[in-house]
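Enquirer: Fold the following.
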Amino acid sequence: MKSGKLNYFVHDSAVVHQDANIGMGTRIWDWVKIRENATVGENCILGQSVYVDINVTIGSRCKIQNGVSVYQGVSLGDDVFVGPNATFTNDRAPRAFSENWQIIPTIVEEGASIGANATIICGVTLGRYCMIAAGAVVTKSIPPFGLVMGNPGRVVDYVDEAGNRLRNGDRSKPSGGGTSR
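Expert: This is a model prediction of the structure:
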């Protein structure tokens, strides 16, 4: 992946550090920057102006929409969707003058979806296949398949693996078909 012919696409305006690991079939679009020691899995799509920080891990088949910064301490599992301009933080008490920056890990598990302009406060885990609504502000960990809305974000229901909302949190009866877990 780091030497020889590229087995992934990089737009001419993108900057990919030579020490980044990029998986086969991944597409890196306009003005993307991927820093050293970052890992991006196979068959991902990174939209315009995505920033991937040092030591970040992104699983396979992820889709990260325009304007998203994935900062150090954030880890995305396989099949994660991150909507346009969603925001991750990585320090609970950031100060420009601080010499003791403390990276607080954030884990986004397999299949999770994060809506446009959602904000994910560091130190949380977004459970498998959860769905974060557009504009939600997540301040606490979310269970698998949880549907989160609002500010602060609250679990209002559950979804199935396909993203269909379940009725009244009944995880055994998907609305609109799909598989429930």
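
Enquirer: shaky segments in this protein?
Expert: 1-5, 168-181 (pLDDT under 70).

Enquirer: again, only this time at 50
Expert: Low-confidence segments of the chain (pLDDT under 50): 1-4, 173-181.

Enquirer: Do a quick rundown of the helices in it.
Expert: For the chain, helices defined by DSSP state H do not occur.

Enquirer: residues near residue 80, how many?
Expert: Other residues near residue 80 number 25, with proximity taken as other Cβ atoms under 10 Å. (Each C-beta comes from the backbone N, C-alpha and C, glycine too.)

Enquirer: how about it, phi and psi?
Expert: Dihedral pair for residue 80: phi -90, psi 140, per degrees, to the nearest 10.

Enquirer: With adjacent residues omitted, what lies nearest to it?
Expert: By the measure of Cβ to Cβ, 6 or more residues apart in numbering, the closest residue to residue 80 outside its immediate chain neighbours is residue 62, 4.7 Å from it.

Enquirer: wait, doesn't the one you found sit right on residue 70?
Expert: No. Judged on Cβ atoms under 8 Å, residue 62 makes no contact with residue 70 at a distance of 9.6 Å.

Enquirer: can you list residues touching both of those two?
Expert: 76, 82 (Cβ atoms under 8 Å, 6 or more residues apart in numbering).

Enquirer: Looking at these two now, which is surrounded by more residues?
Expert: Neighbour count, other Cβ under 10 Å: between residue 62 and residue 70, residue 70 has more, with 28 against 25.

Enquirer: May I have stretch 83-103 as CSV, with CA atoms only?
Expert: Taking C-alpha atoms only, stretch 83-103 is exported to CSV below (Å, rounded to 0.1, in the frame of the first residue of the first chain):
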residue,chain,number,x,y,z
GLY,A,83,-22.5,12.7,7.5
PRO,A,84,-21.4,16.1,6.2
ASN,A,85,-19.8,18.4,8.7
ALA,A,86,-20.2,16.1,11.6
THR,A,87,-17.8,17.0,14.4
PHE,A,88,-15.6,14.9,16.7
THR,A,89,-13.8,16.3,19.7
ASN,A,90,-10.8,14.8,21.5
ASP,A,91,-10.2,16.8,24.7
ARG,A,92,-12.8,17.7,27.4
ALA,A,93,-11.0,20.9,28.5
PRO,A,94,-9.2,22.3,25.4
ARG,A,95,-7.2,25.5,25.9
ALA,A,96,-5.0,27.1,23.3
PHE,A,97,-2.3,27.6,25.9
SER,A,98,-2.4,24.1,27.5
GLU,A,99,0.8,22.1,27.5
ASN,A,100,-1.1,19.0,28.8
TRP,A,101,-3.4,18.2,26.0
GLN,A,102,-5.2,15.0,27.0
ILE,A,103,-6.6,12.9,24.1
